[in-house]
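> Just to be clear, the model below is a prediction. Sequence and coordinates:
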Number of protein chains: 2
Amino acid sequence: MPPSLLRVPTPAAWVEAAVGSRELLLIDHANCEKKAASTALSLMFAYAEDLELAQRLSRLAREELRHYEQVAKLIAQLGIVPRRLGPGRYAERLRRLVARAEPAREVDLLVAGAFIEARSCERFEALAPAIGAPLDAFFRGLCEAESRHHRLYLDLARRAGARAGIDVDARIDAFATLESELISAPDEVFRFHSGPPAARGSAEAH
Amino acid sequence: MPPSLLRVPTPAAWVEAAVGSRELLLIDHANCEKKAASTALSLMFAYAEDLELAQRLSRLAREELRHYEQVAKLIAQLGIVPRRLGPGRYAERLRRLVARAEPAREVDLLVAGAFIEARSCERFEALAPAIGAPLDAFFRGLCEAESRHHRLYLDLARRAGARAGIDVDARIDAFATLESELISAPDEVFRFHSGPPAARGSAEAH
């Protein structure tokens, strides 16, 4: 079941584009797993004094790296040639909503992390029935992990918010509004977290 | 047995300083494990098309993160309060020797990685008989892992060197010279990879 943070489901047009761009999907998926590990590590550096946060994010980063290894193995097995992709708009636009000053920044970074993981889970679930073997079973397993990760980020956000007297629900609300726009509005570039394709055929052009 | 890349053993004065600065040692050690994971991840991003390199470094990064979790647990158990430390000179000075342009850069980054892991192994082995329980057994186990990691980096360096026609032994030689200077010359700051303390008492001042 898609995490309750999300206001809109993945558009059918995105799923259709993804099924037709399996190579691009997997290459970007591998990227996303690396970025997820990297984001967790950067939080471990930024809040180094918080051992509980660091311990929990370290375990999360290890799990993302294991997923990376699994996707990389599939990429090799399917004969896909990895290549470098430019970034999509999703993570970049979410990051722009993050407060610059602490303690609001920490809460925002954790809330943004929760949304990215929640959307990943929802996308894997939407892809599974459409994508065919061997990816369907793999994606179903990943959804379970991403759902756990979204709860972990949310839990850390609420803990940081409580400590700093920040209204975390108001921040969740702000991120939910932006996130649903990014998922619903036509997107020029196809990526794991992109919106529906802006124009027919553009999905594979980037 | 200390990896053969290293030309000089850890000075006895450093071991003495480390035993007297157990808190600082562990806080910096936790940092080093995070940085080791972060370095591996940055190589995975820089050479994203090389799936074999990425797969091997991803497993290495996961192991470094597990070590981080183990050190963080020890820090908490020993009642040590984590704090932020400025960087030492070791990694920064090794980095300055890294070529700016590819393909030499990749070989150098991997050779530098091999030295850092080799020295870590050698330091854990030098510390084990002096540091007392519970750290001695922990450090002996880490030495085995770091020794494996140093061989992995060396192997990847030789592979990248062979592909690009670079004389890897000459680069190992250049790094070995600098590395032994950094380990032997008096150091103002005490860190896991620092030289012997520059002046009595300064080891705990930073």
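Sure, I can see it. Keep in mind that this is a model prediction, so the values were computed, not measured. Numbering: from 1, shown residues only, chains lettered A, B, ... in the order given.

> Now residue A:187, what are its backbone angles?
phi -130, psi 130 (degrees, to the nearest 10).

> Tell me which residue lies farthest from the centre of chain A.
residue A:165 (27.0 Å; CA atoms, centre = their mean).

> Please tell me how far that residue sits from residue A:33.
35 Å (CB to CB, to the nearest Å). For every residue, glycine as well, the C-beta is placed using N, CA and C.

> Would you mind listing the buried residues in the helix or strand where residue A:169 lies?
Assessed by DSSP states H and E, residue A:169 sits inside helix A:168-184. Residues of helix A:168-184 classed as buried by neighbour count (16 or more other CB atoms under 10 Å in any protein chain shown): A:168, A:171, A:172, A:175, A:176, A:178, A:179, A:180, A:182, A:183, A:184.

> Same check on stretch A:187-200?
Neighbour counts over stretch A:187-200 (16+ other CB under 10 Å) mark A:187, A:189, A:190, A:191, A:192, A:193, A:194, A:195, A:196, A:197 as buried.

> Can I get those residues in TSV including distance to residue A:147 and pLDDT?
As requested, these are arranged in TSV below (distance: CB to CB, whole Å; pLDDT from 0 to 100):
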residue	distance to residue A:147	pLDDT
A:187	24	96
A:189	26	94
A:190	24	96
A:191	21	97
A:192	16	97
A:193	16	97
A:194	21	97
A:195	22	97
A:196	23	96
A:197	26	95
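
> Quick one: the helices in chain A, in order.
Ranges of helices within chain A are A:12-20, A:22-46, A:51-77, A:90-96, A:104-131, A:135-164, A:168-184, based on DSSP state H.

> now those helices in CSV, with distance to chain B and mean pLDDT?
Output for the helices of chain A, formatted as CSV (distance: least, CB to the nearest CB, whole Å; pLDDT from 0 to 100):
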stretch, distance to chain B, mean pLDDT
helix A:12-20, 21, 96
helix A:22-46, 5, 96
helix A:51-77, 5, 96
helix A:90-96, 14, 96
helix A:104-131, 15, 96
helix A:135-164, 15, 95
helix A:168-184, 23, 97
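
> Take these and write them to a markdown table, including distance to residue B:89.
Converted to a markdown table, the helices of chain A look like this (distance: least, CB to CB, whole Å):
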| stretch | distance to residue B:89 |
| --- | --- |
| helix A:12-20 | 48 |
| helix A:22-46 | 19 |
| helix A:51-77 | 25 |
| helix A:90-96 | 33 |
| helix A:104-131 | 30 |
| helix A:135-164 | 34 |
| helix A:168-184 | 41 |
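
> quick one, what contacts residue A:174?
Listed by CB atoms under 8 Å, 6 or more residues apart in numbering or on different chains, the contact set of residue A:174 reads residue A:97.

> thought residue A:44 was touching residue A:58?
Yes: assessed by CB atoms under 8 Å, residue A:44 is found in contact with residue A:58 at 6.3 Å.

> residues bridging contact with these two, i.e. touching both?
Common neighbours of residue A:44 and residue A:58 (CB under 8 Å, 6+ apart) are residue B:68.

> Next, work out how far apart residue A:87 and residue A:23 are.
Here the criterion is CB to CB. By it, residue A:87 lies 18 Å from residue A:23.

> And those two? Which one has more around it.
residue A:23 (15 against 12; other CB atoms under 10 Å in any protein chain shown).

> Now intersect the buried residues of stretch A:187-200 with the strands, please.
Per DSSP state E, strands hold no members of those.

> List the residues that contact the closest residue to residue A:166 other than its chain neighbours.
Setting aside the residues directly before and after it, residue A:166 is nearest to residue A:107 in space (CB to CB, 6 or more residues apart in numbering or on different chains), at 5.1 Å. By CB under 8 Å, 6+ apart, the residues touching residue A:107 are A:99, A:157, A:160, A:161, A:164, A:166, A:168, A:171.

> is it true that the first one touches residue A:112?
Right, the one you point to is residue A:99. No: judged on CB under 8 Å, residue A:99 makes no contact with residue A:112 at a distance of 10.6 Å.

> Compare neighbour counts for those two and give me the winner.
residue A:112 (22 against 14).

> neighbours around the residue nearest to that one when sequence neighbours are not counted, how many?
Spatial nearest neighbour of residue A:112, chain neighbours left out: residue A:94 (4.8 Å); criterion: CB to CB, 6+ apart. Residue A:94 has 22 neighbours, counted by other CB under 10 Å.

> residues touching the spatially most central residue of chain A, list them.
By CA atoms, centre = their mean, chain A has its centre lying nearest to residue A:116, at 3.3 Å. The contact partners of residue A:116, taken as CB under 8 Å, 6+ apart, are A:36, A:39, A:90, A:91, A:94, A:193.

> Relative to residue A:13, which of the residues you listed is nearest.
When those are compared for distance to residue A:13 (CB to CB), residue A:193 wins out at 14.7 Å.

> contacting residues around that closest one?
A:32, A:88, A:90, A:91, A:116, A:119, A:120, A:123, A:182, A:183.

> likewise residue A:108?
By CB under 8 Å, 6+ apart, the residues touching residue A:108 are A:97, A:98, A:99, A:171, A:175.

> Identify the farthest-apart pair in those.
Based on CB to CB, the longest span within the contacts of residue A:108 runs between A:99 and A:175 and measures 11.5 Å.

> I'd like to know how far the nearest residue to residue A:43 once chain neighbours are set aside sits from residue A:153.
Computed as CB to CB, 6+ apart, the closest residue to residue A:43 that is not its neighbour in sequence is residue A:57, at 5.5 Å. With the distance defined as CB to CB, residue A:57 ends up 9 Å from residue A:153.
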